[in-house]
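**Q** Here's my sequence, what's the structure:
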Amino acid sequence: MNLAPSFRLATSADVPTLAALYADAARKLGGWCYTPEQVAAWSAFGADTPAFRDYVLGSRTWVAQRVDGVDGDITGVLGFCGIDDHGHVHSLYVRADHNRRGLGTALLAHAMADARQRGLTHFSAWCTPLSEPVFARAGLVVVERPLAEFEGVAFRRCRMATPGTTPGADPAA
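**A** Model (predicted):
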């Protein structure tokens with residue numbers, strides 16, 4: 001990986017930047033696995049609303065940023081990953097122009113290492129077909145693939161968890 005990111009915990013001041021990153025990633029990368037209608041519904045959640053604020057601040061969310069800041073981005077934010085106190089990965093997003101460079105894998109590994117230091121041993125996540133390989137590399141396996149509605153649009157979802165995790169035990173599921 002040639003990004004040399006540093007990691008820090010997200011603050012409320014980061015929410016507008018993370019909301020924009022989320023929406024942009026959904027719009028630019030979503031077409032890889034979703035219809036235009038699904039992409040529109042997915043990206044709409046990336047608005048700086050109370051729901052999105054809780055999505056970020058309701059878990060321990062790590063922000064990846066450039067160490068040198070040379071990428072021309074004012075904030076230097078490259079991605080974010082949040083894991084709650086139950087081991088549920090709430091978020092894992094990387095800027096679309098930094099996709100497929102190992103940053104998502106590094107960010108998830110960092111957040112999971114932090115969670116392990118806090119005593120967590122089992123992890124779960126709802127993921128897209130785009131991020132499923134990242135979670136698989138982190139040791140999670142597919143538990144279920146239900147059809148679910150989000151913003152009035154049907155999505156095929158993928159729930160992954162560390163082996164031995166009871167599907168019903170995930171309070172965020």
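
**Q** can you give me the helices for the protein?
**A** In the chain, the helices defined using DSSP state H lie at 15-29, 36-44, 50-57, 103-117, 132-137.

**Q** Low-confidence stretches in the chain?
**A** For the chain, residues meeting the criterion pLDDT under 70 lie at 1-4, 31, 67-75, 98, 165-173.

**Q** who touches stretch 100-111?
**A** 1-3, 5, 7, 60, 62, 64, 78-83, 89, 92, 94, 131, 134-135, 137-138 (Cβ atoms under 8 Å, 6 or more residues apart in numbering). (Glycine included, C-beta is placed from N, CA and C.)

**Q** actually stretch 135-145, not the one I typed
**A** Identification of contacts with stretch 135-145 by Cβ under 8 Å, 6+ apart yields 89, 92, 105, 108-109, 112, 123-125, 127, 132, 156-163, 165, 167.

**Q** Tell me who's in contact with R8.
**A** With Cβ under 8 Å, 6+ apart, R8 has these contacts: W62, V63, Q65.

**Q** so what's the residue nearest to T49 when sequence neighbours are not counted up against?
**A** Closest residue to T49 apart from its sequence neighbours, by Cβ to Cβ, 6 or more residues apart in numbering: A19 at 7.9 Å. If you count contacts by Cβ under 8 Å, 6+ apart, A19 has them with G46, A47, D48, T49, F52.

**Q** okay, these in CSV with distance to A13 and neighbour count next?
**A** Shown next, in CSV, are the contacts of A19 (distance: Cβ to Cβ, whole Å; neighbours: other Cβ atoms under 10 Å):
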residue, distance to A13, neighbour count
G46, 17, 20
A47, 17, 13
D48, 11, 16
T49, 16, 13
F52, 14, 19
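
**Q** ok, of those residues, which one's closest to L147?
**A** Distance to L147 across the contacts of A19 (Cβ to Cβ) is lowest for G46, with 22.5 Å.

**Q** Go through the contacts of stretch 100-111 and flag which are in strands.
**A** Using DSSP state E, the subset of the contacts of stretch 100-111 located in strands is 5, 7, 60, 62, 64, 78-83, 89, 92, 94.

**Q** May I ask which of these has the most neighbours?
**A** C81 (30 neighbours; other Cβ atoms under 10 Å).

**Q** wait, that one sits on T61?
**A** Yes - at 6.8 Å, C81 and T61 qualify as touching, with contact defined as Cβ atoms under 8 Å.

**Q** Find residues that contact each of those two.
**A** Common neighbours of C81 and T61 (Cβ under 8 Å, 6+ apart) are S91.

**Q** How about F52, nearest residue that isn't a chain neighbour?
**A** Per Cβ to Cβ, 6+ apart, closest to F52 is A19, 5.2 Å.
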